[in-house]
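*Asks:* here is a sequence together with a model predicted from it:
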Protein chains: 2
Amino acid sequence: MTNYRAPISDMTAALTVAGMDDIAALPGYEDASDDMVTAILEEAGKLAGGILAPLNAPGDRQGCSISEDGAVTTPDGFPAAYQQFVEGGWNGVPFDPDFGGQGLPLLLGTALFEMWQAANMSFGLCPMLTVGSIELLTHHGSKEQKATWLPKLISGEWTGTMNLTEPQAGSDLAAVRTKATPAPDLGQGIYRIQGGKIFITHGDHDMSANIVHMVLARLSDAPPGIKGISLFIVPKFLLNNAGEPGEHNDLRAVSLEHKLGIHASPTCVMAFGDKGGAIGYLVGEENRGIEYMFTMMNNARLAVGVQGVGIAERATQAAVDYARGRVQGPDPARKTKGAVSIIHMPDVRRMLMTMRALTQAARLITFQTAAELDRAKAHPDESTRATAESRAALLTPIAKAWSTEVGIQVANLGIQVHGGLGFIEETGAAQYLRDARIAAIYEGTNGIQAIDLVGRKLIRDKGAALSALLAEMRATQADLTQVLPDLGPPLGAALDDVEAARAWILENSDPVNMQSAATPFLNLIGLATGGWLLGKLALNAMAGTGGDPAHDTARLTVAGFFLRHLLPATGGHLAAIRAGAGDLMALDEDALTPV
Amino acid sequence: MTNYRAPISDMTAALTVAGMDDIAALPGYEDASDDMVTAILEEAGKLAGGILAPLNAPGDRQGCSISEDGAVTTPDGFPAAYQQFVEGGWNGVPFDPDFGGQGLPLLLGTALFEMWQAANMSFGLCPMLTVGSIELLTHHGSKEQKATWLPKLISGEWTGTMNLTEPQAGSDLAAVRTKATPAPDLGQGIYRIQGGKIFITHGDHDMSANIVHMVLARLSDAPPGIKGISLFIVPKFLLNNAGEPGEHNDLRAVSLEHKLGIHASPTCVMAFGDKGGAIGYLVGEENRGIEYMFTMMNNARLAVGVQGVGIAERATQAAVDYARGRVQGPDPARKTKGAVSIIHMPDVRRMLMTMRALTQAARLITFQTAAELDRAKAHPDESTRATAESRAALLTPIAKAWSTEVGIQVANLGIQVHGGLGFIEETGAAQYLRDARIAAIYEGTNGIQAIDLVGRKLIRDKGAALSALLAEMRATQADLTQVLPDLGPPLGAALDDVEAARAWILENSDPVNMQSAATPFLNLIGLATGGWLLGKLALNAMAGTGGDPAHDTARLTVAGFFLRHLLPATGGHLAAIRAGAGDLMALDEDALTPV
């Protein structure tokens, strides 16, 4: 069984690259001083390492259960841990102080969020969904809805869910069939909701006093497709006159899914309105639900990317710890007589360095995305806000998809470092892979992220946002060439590949070619963005900004490894883009089936 | 839940590339006519698809159990299926007719073996281990031992196991501690065995009348290290005078491991000699056990590679079937109005084509390796035999490691194609990843395969065997340039990368650099070998040798996809080799630990 130690030094260095100092100078974020940030990270690290992490493996083994009437029980210790999480005020870190939040930057909230996910991804999913509900209501709720729901969601006393998926409507939300019927008898803006939803994370559980479901449903007279879907607040318990949970709404969890991983997070099949209609409150206007949901999904996508980082960090720690202790075979460097631990084996080193480098790269990308969102929200200058918003939009699908692939790849390497023991569940390494696997699928599959990146973020603005990013990347390349001359050329080669890919896609922007280029382009730009930010990290390390010189040296080595060993893979991705859609689309369905 | 259809057309095409026709012309293999091969593949396909495949998911769910006295029960249906397997004579296909085998080429046996693994990897492990015991005794057993054990092992009435690993001795077998003590009171060549073994696949089960354990143990006066380990036959039941299983030997399964996958294959902790000593029969000479074991492990490594192919094939079939049926969203090519199945989406196509191409490449590599082993055994010309043996030695670690990575990667993509359903165990896609994961670890981790490749197969002969292989690859490149001019350049570029890597490694052959280059070199040459053999497959398809023109067209497209979209990744691997060991070895243990 493995521990988790919040990597506060690596996180702090990544916060610095993302511009924590600048963000702390923005209006409203004055509380985020260096000392405060460090204190918060350390306190959060205690909760993550001391309370949440020890529940991770037992929660996986025990899983969740459901009673005949649909009441879900989470594993032993989860409700109490959640209580501690709420009492510590951790849920409200980045939210509006007017509703009880602490108003700290999302960048800092993202570092904390990584800790929760690393310590216990099943646990961390519950607040992740709550955050989604908070975002939705903050942007689209009425004044009254905000006053009613936000304080308890921000404190975490109530939790939120996202009810999007139906059996026939997964990636294609246009196919949603859940019905909403106005209920003027009950009041203005009140509807009766009837239908079934699947894959509802924490759709029911025993950790909070109420569960606030955000539900997509369709009015009978709504236009077809995504422009006919509305969004409703459908609480598990209706509120009484005191604003406290009262009568049980007409909804329930029907069953739990048997999943590859995240066993301690109940994934529910939900039934709304079996007894005539669950009471729901319309958010915003009718038929604009998808638009609202996308607001929320942007931040949720970043959060899922952070799950990838968290799992990768946890898997890396476990693998390094194991490799340090596992004595097996002679020292290839012949420095030591007798058997040495496998951390001395170059091939094991390659795995461990790959794990550390990918983890830090993904962390830098997610933190950078969060920082852009902070700037987009709080910067006093409008054009800076707009630039940051466009940068965040560009980075979000990369943060989601590339970081979750990193989570899978690093967890997979972690198993390999453990050898035969990695395949034994008690070791813990296998759980990281099982848990990490979902993050590449939910909140929009990684393929959909890649298509969003290429279609909405690259082709739509004719590459403008990417060009602005490339200019900054080239500046870092120039700095590296001055300070760390070994690292300039590999970054430069990767940026050449990005530019060539950008040019190819802009010249081949029809839907089929665009979609065929999407995943290799995402892989390419993920690597390049990781290389760029690790280049900045290396420059900071050379400047000795990381506090402990030994930590700076380690990060410099990790960055060098990434740029020299991993980054050159961009060339293969570029070749796949340029090979075009022809080979993909040539065969008909029958011919594509193995014979 | 998914079916399995043995891909007889793709297999036959791969057999042709591997030289089935030439092998059928070798002395002793005359029975392997085209018609006979087709008939055997079809019959085997029925057993695999009709009997073994339907047990795969239920076996995974039910798993194995162990009684207090160490008797292991396999899932419902497994003993009966094994009985059918034995009665059909499937276990003995490639073995010596003098002991009841059918004496058919290993190449054909490998195609069948892929079917068993694809249909039910847990089931297929049992005969895989038996094959290992057969190989060992065929090469190193005494005349009497062969007569005693081989007929029942070849028929499959008895099964075999490999008892190598101990808690302190995983990859480093020098650390084996199990004790062997001569028992002259019992007879010449008889020893008492005492000790514990772990990770013993099918160490006990209820599918056969006896289990013949091959056990590594150390004599008290043996030299230290790997030159002090001997090999023993230690049957579960001692044979009575009639040669039938009689008294229970002093050995038992102590417990079963809880594993990520292959739940229907019992992985046992074994205790030998709790009551004074299990009776064991020395194989060959004392202290030469590791040497003997390596004979067996060579073929077992190929077999594990074939497991990777089998799982990849199964996962591919499931993903294609799902993608054909899952309707979701509009047609990007705008050919169809309304929603279309996801097989029309270019990004899903990329996953499916990647799955098919990697699977076929890995199949070609494993079949080629088997063909070389057939030539090495049966060719009348001594120098041809020697060349084939050296080629097989070079290809074996590639077949093992690259194909098992393919198994993992393809199973992982298979989950992604299924979207959210891929994460739900009932779908079946997740089991393929869970099962596939072990194959990269056992029979020598893939890192150890890579070190074997670079150390023993490349540096030891100064690159001679690789040069001979490269010459053949270049000839295929020349043929492609004539017939399929698009495919010559990508193969040529990959071969340039192999040559550059070869040169770097021969110039940097110290253990640390060699080991640091090992895994990227294996990845590089695996891709290049796959590209070469797919090039040959494409040439055959152009020549119309595949029977059905539609099948030839499909294979041509798959080969083109591999060479244009996947093969260019060699450049990234070459860069990682050339980056050298410096970045890997720079940090000490503390600095390598995340902070």
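*Replies:* The structure has been received and is ready for your questions.

*Asks:* any idea how far chain B is from residue A:415?
*Replies:* Distance from residue A:415 to chain B, counting by C-beta to the nearest C-beta, to the nearest Å: 6 Å. Bear in mind the C-beta positions are built from the backbone N, C-alpha and C, glycine included.

*Asks:* so how far is residue B:411 from that residue?
*Replies:* Distance of residue A:415 to residue B:411, given as C-beta to C-beta, to the nearest Å: 14 Å.

*Asks:* and if you look at residue A:199?
*Replies:* Counting by C-beta to C-beta - residue A:199 and residue B:411 are separated by 21 Å.

*Asks:* residue A:201 too?
*Replies:* As judged by C-beta to C-beta, residue A:201 and residue B:411 stand 24 Å apart.

*Asks:* which of those two has more neighbours?
*Replies:* Legend: neighbour count by other C-beta atoms under 10 Å in any protein chain shown for residue A:201 and residue B:411, higher for residue B:411 (28 against 21).

*Asks:* show me what contacts that one?
*Replies:* B:311, B:312, B:315, B:429, B:432, B:433, B:435, B:436 (C-beta atoms under 8 Å, 6 or more residues apart in numbering or on different chains).

*Asks:* and the helices in the stretch 1-150 of chain A?
*Replies:* Using DSSP state H, counting those that start in this stretch, the helices found in the stretch 1-150 of chain A span residues A:8-18, A:20-24, A:34-47, A:56-62, A:78-87, A:106-119, A:121-140, A:143-155.

*Asks:* residues of the stretch 351-500 of chain A that sit close to chain B?
*Replies:* By C-beta under 8 Å from any C-beta of the partner chain, the residues of the stretch 351-500 of chain A that approach chain B are A:351-353, A:356, A:359, A:408, A:412, A:415-416, A:419-420, A:422-426, A:430, A:433-434, A:437-438, A:440-442, A:445-447, A:450-451.

*Asks:* again, only this time at 7 Å
*Replies:* Applying C-beta under 7 Å from any C-beta of the partner chain, we find that the stretch 351-500 of chain A lies next to chain B at A:352-353, A:356, A:408, A:412, A:415-416, A:419-420, A:422-426, A:430, A:437-438, A:440-442, A:445, A:447, A:450-451.

*Asks:* one step back: please flag which of the contacts of residue B:411 sit within strands.
*Replies:* Of the contacts of residue B:411, none are assigned to strands by DSSP state E.

*Asks:* among the residues you listed, which one lies nearest to chain A?
*Replies:* residue B:433 (7.6 Å; C-beta to the nearest C-beta).

*Asks:* turn the contacts of residue B:411 into TSV, columns for pLDDT.
*Replies:* Shown next, in TSV, are those (pLDDT from 0 to 100):
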residue	pLDDT
B:311	98
B:312	98
B:315	98
B:429	98
B:432	98
B:433	98
B:435	98
B:436	98
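
*Asks:* let's see if you can find the most crowded of those.
*Replies:* Going by other C-beta under 10 Å, residue B:312 tops those with 34 neighbours.

*Asks:* do you know how far it is from residue B:8?
*Replies:* As defined by C-beta to C-beta, residue B:312 lies at a distance of 17 Å from residue B:8.

*Asks:* mind listing what residue A:260 touches?
*Replies:* Residue A:260 is in contact with A:434, A:437, B:423, B:425, B:430, counting by C-beta atoms under 7 Å, 6 or more residues apart in numbering or on different chains.

*Asks:* what's the closest non-adjacent residue to it?
*Replies:* Excluding the flanking residues, the one nearest residue A:260 by C-beta to C-beta, 6 or more residues apart in numbering or on different chains is residue B:430, at 4.1 Å.

*Asks:* and the longest strand for chain A?
*Replies:* Longest among the strand segments of chain A by residue count, using DSSP E, is strand A:190-201.

*Asks:* residues of that one that come out buried?
*Replies:* Of all the residues in strand A:190-201, those buried under the rule 16 or more other C-beta atoms under 10 Å in any protein chain shown are A:191, A:192, A:193, A:194, A:195, A:196, A:197, A:198, A:199, A:200, A:201.

*Asks:* residue A:163 and residue A:211 touch, don't they?
*Replies:* No. The criterion here is C-beta atoms under 7 Å, and residue A:163 misses it with residue A:211 at 10.7 Å.

*Asks:* residue contacts, the residue nearest to residue A:260?
*Replies:* When contacts are counted by C-beta under 7 Å, 6+ apart, residue B:430 is found next to A:260, B:415, B:422, B:423.

*Asks:* the last one touches residue A:442, doesn't it?
*Replies:* No. The pair residue B:423 and residue A:442 fails to qualify as a contact (C-beta under 7 Å) at a distance of 8.3 Å.

*Asks:* residue A:255 and residue A:271 touch, don't they?
*Replies:* No. With contact defined as C-beta under 7 Å, residue A:255 and residue A:271 do not form a contacting pair (9.7 Å).

*Asks:* and those two? which has more neighbours close in?
*Replies:* residue A:271 (19 against 13).
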